[in-house]
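Enquirer: I would like to see how this sequence folds:
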Amino acid sequence: MSRVTAWMCAAAVFLIAGQAAWGAQLGFIRYTPAFYFTDADWEMATADFDKFLSTQEDGAEIGGSNPDTGSAWRFQALGAVEEEGQRCRQVAITLQARKAESEATSAYLFCRDPEAGWRMVRGIR
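Expert: Here you go, the predicted structure:
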């Protein structure tokens, strides 16, 4: 599992909850699925995300879960684009956590840097 991808996935997940409350105090994170993800959840989701970005075609959706915690994730490929000469993917990320009793979905643009691998560029609507 790539460290870069792990940080991208974590950043994307925290942004999911923050779009409506951007700039507010961070207390809102306490009640989002991302807050309840364990290290094992992140490792499993990140491994799925690494494979997903490189192998899935537009429209494809994959998901996974950790039966020990009840956390789950889904990734949907919304489209491929080229930006500044890099291959990019538009991806919807959905997270669920049993303790949060909710799910959160947001979409982001990830681009593949030949040297650093996939990185999140920005959120998309």
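Enquirer: C-alpha only now, for contacts and for neighbours.
Expert: OK.
Enquirer: Would you map the strands across this structure?
Expert: With DSSP state E, the ranges of strands along the chain come out as 61-66, 71-83, 86-97, 102-113, 117-124.
Enquirer: Out of those, indicate the one that is most buried.
Expert: Mean neighbour count (mean count of other CA atoms under 10 Å) peaks for strand 86-97 among these, with a mean of 22.
Enquirer: which neighbours does that one have in its sheet, and in what orientation?
Expert: Strand 86-97 has its sheet partners listed here by DSSP bridges as strand 71-83 (antiparallel), strand 102-113 (antiparallel).
Enquirer: who are the neighbours in contact with the spatially closest residue to Val91 that is not a sequence neighbour?
Expert: Computed as CA to CA, 6 or more residues apart in numbering, the closest residue to Val91 that is not its neighbour in sequence is Ala77, at 4.8 Å. Neighbouring residues of Ala77 by CA atoms under 8 Å, 6 or more residues apart in numbering: 56-61, 89-92.
Enquirer: could you redo the last one with a cut-off of 6 Å?
Expert: Residues counted as contacts of Ala77 (CA atoms under 6 Å, 6 or more residues apart in numbering) are 58-60, 91.
Enquirer: now swap in Asp68 and tell me
Expert: With CA under 6 Å, 6+ apart, Asp68 has no contacts at all.
Enquirer: Looking at it now. What's its pLDDT?
Expert: Note on Asp68: pLDDT of 94.
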